[in-house]
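Engineer: Have a look; sequence and predicted model below, questions after that.
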Amino acid sequence: TRKSDSQIMQILSQASSGVPVSELCREHGMSSATFYKWRAKYGGMDTSMITRLKELEAENSRLKKMYADERLKAMIVQEALTKKF
């Protein structure tokens, strides 16, 4: 299941206050690998920063897809022009 930004921040803050990671993972039904991935990615952020990061990642993904589509169109046009002459 997906956790909200506030839930992720709550879990990370509990860990920083001294609650053992194994106990947190069991309580929230997640793996320790997920916890450590979150800590590496979101450590030191607040909820608004996590939300902004996710928005930027989504925008970056959309722009990469747009670039790939435009590059493909340019390659098709280039191929068509070379075959005509």
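Structural biologist: In hand now; what should we look at? The shown structure was predicted, so the numbers you read here are calculated from the model rather than taken from an experiment.

Engineer: low-confidence ranges in this protein?
Structural biologist: 1, 84-85 (pLDDT under 70).

Engineer: What residues of the helix ranked longest in it count as buried?
Structural biologist: Scanning the chain for the helix with the most residues, using DSSP state H, yields helix 47-84. Of all the residues in helix 47-84, those buried under the rule 16 or more other CB atoms under 10 Å are I50. For the C-beta atoms, the positions are set from N, CA and C on the backbone; glycine is no exception.

Engineer: same thing with stretch 13-27?
Structural biologist: Of the residues in stretch 13-27, those buried (16+ other CB under 10 Å) are Q14, A15, L24, C25.

Engineer: could I get those residues as CSV with distance to A68 and secondary structure?
Structural biologist: Shown next, in CSV, are the buried residues of stretch 13-27 (distance: CB to CB, whole Å; DSSP: H, G, I helix; E, B strand; the rest coil):
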residue, distance to A68, secondary structure
Q14, 41, helix
A15, 39, helix
L24, 39, helix
C25, 37, helix
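
Engineer: Could you point out which of the residues you listed is nearest to D5?
Structural biologist: Checking the buried residues of stretch 13-27 against D5 by CB to CB gives Q14 as the nearest, at 15.1 Å.

Engineer: Surely the closest one and C25 touch.
Structural biologist: No - applying CB atoms under 8 Å as the test, Q14 and C25 come out as separate, 11.1 Å apart.

Engineer: List the residues that contact the closest residue in space to K54 that isn't next to it in sequence.
Structural biologist: Spatially, and ignoring its direct neighbours in sequence, K54 is nearest to D5 (7.5 Å; CB to CB, 6 or more residues apart in numbering). D5 makes contact with T47, I50, T51, K54 under the criterion CB atoms under 8 Å, 6 or more residues apart in numbering.
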